[in-house]
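J.: A predicted structure for the sequence below; I have some questions about it.
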Amino acid sequence: MTGAAGVGQAWRSFWRALSLRRRLLTLLLPSLVLITLVELTLSYRLAQQTIDEAYDRGLKGAVQALSLATNMDEGGFSVDRPFKLLSYVQSNSRGTVFFHVRTSDGLMEAGFAGLEFPWPSSINFDTVYLAEGLYFDQNLRMAAIRREVSHSAGDSESGASPIYVDLLVAEDLAPRQAYLRSFLLRAAVRDGVLLLFTMAVLVWMVGRGLAPLGHWSRLVRQRPVSGAAGPLVAPGAPAPGA
């Protein structure tokens, strides 16, 4: 308790020894830095959300297009030019794109083997689901859709389960993370320059605004302590009674 009281007493002595200008700057400058850090954090969160939404929209569109390119007819099951579709997606995402197509009976499978999606316990057909996963050493953002495909009339009469197909499109997370880091660096440089400029203007404004008080403080210190002293007169001002 004695140590805490001593620290408090030392702080109060230090604070009283500071001039009014330094007291103001001690309060204002750290507050300005804190506000800048909060603004940078909020900008980072907003940018992360915006980038994720943009990339996720591209993934959803890719898996829906892949679903439209997947057909099952009398000739069998087919995927129409998936690599041409994914090359277009890859050019937009600027990263590696993967896909995987598999029927529920396991008779047809195409794409990258071992690429799995963590399906939820309850799945709705023709609904796009998003998740993150790991494929070898790459962190992926994945979009998947489960679609029911046509089955024969004999299967319907026998009560057999309909055949469905799982379609999955995934992209490497590295491009969006690199873009986010680039944005954060530019925002930090911008806010840092603005902070330094604002601090310089604030120091100048406080100094100019308190300059008259500094002048009067010097007059008070120069005033004789004992004896009858007249009123304080600013330089160049007429003396009282003149």
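T.: Received it, and whenever you're ready, just let me know what you need.
J.: could you confirm residue 140 falls within a helix?
T.: No. Membership of residue 140 in a helix is not supported by DSSP: H, G, I helix; E, B strand; the rest coil, which gives strand.
J.: what's around it, how many residues?
T.: 23 (other CB atoms under 10 Å). Quick note: C-beta positions are derived from backbone N, CA and C, even for glycine.
J.: quick one: mean pLDDT for the helix of greatest length in the chain?
T.: Longest helix in the chain, counting residues (DSSP state H): helix 20-68. For helix 20-68, the mean pLDDT works out to 87.
J.: packing partners for it?
T.: helix 82-93, strand 97-103, strand 128-135, strand 138-148, strand 164-172, helix 174-209 (3 or more CB pairs under 8 Å, 6 or more residues apart in numbering; DSSP states H and E).
J.: 10 Å instead?
T.: helix 2-17, helix 82-93, strand 97-103, strand 128-135, strand 138-148, strand 164-172, helix 174-209, helix 211-222 (3 or more CB pairs under 10 Å, 6 or more residues apart in numbering; DSSP states H and E).
J.: that helix relative to strand 128-135, how many degrees between them?
T.: The directions of helix 20-68 and strand 128-135 differ by 100 degrees, with axes from the mean of the first three to the mean of the last three CA atoms, to 10 degrees as the criterion.
J.: and residue 123, backbone torsions?
T.: Taking degrees, to the nearest 10, you get phi -120, psi 130 for the backbone angles of residue 123.
J.: that one: neighbour count?
T.: Residues near residue 123, counting by other CB under 10 Å: 13.
J.: and for the nearest residue to it once chain neighbours are set aside, the neighbour number?
T.: Distances taken as CB to CB, 6 or more residues apart in numbering place residue 146 nearest to residue 123, at 5.5 Å, with adjacent residues excluded. Number of residues near residue 146 (other CB under 10 Å) recorded here: 20.
J.: quick check: residue 146 touching residue 117?
T.: Yes. If you go by CB atoms under 10 Å, residue 146 and residue 117 touch, sitting 9.4 Å apart.
J.: mutual contacts of those two, please.
T.: 129, 166, 167, 168 (CB atoms under 10 Å, 6 or more residues apart in numbering).
J.: among those residues, find me the one that's closest to residue 109.
T.: residue 166 (9.7 Å; CB to CB).
J.: and the closest one, how close does it get to residue 132?
T.: 17 Å (CB to CB, to the nearest Å).
J.: the two: who's more crowded?
T.: residue 166 (18 against 11).
J.: that'll do, ta.
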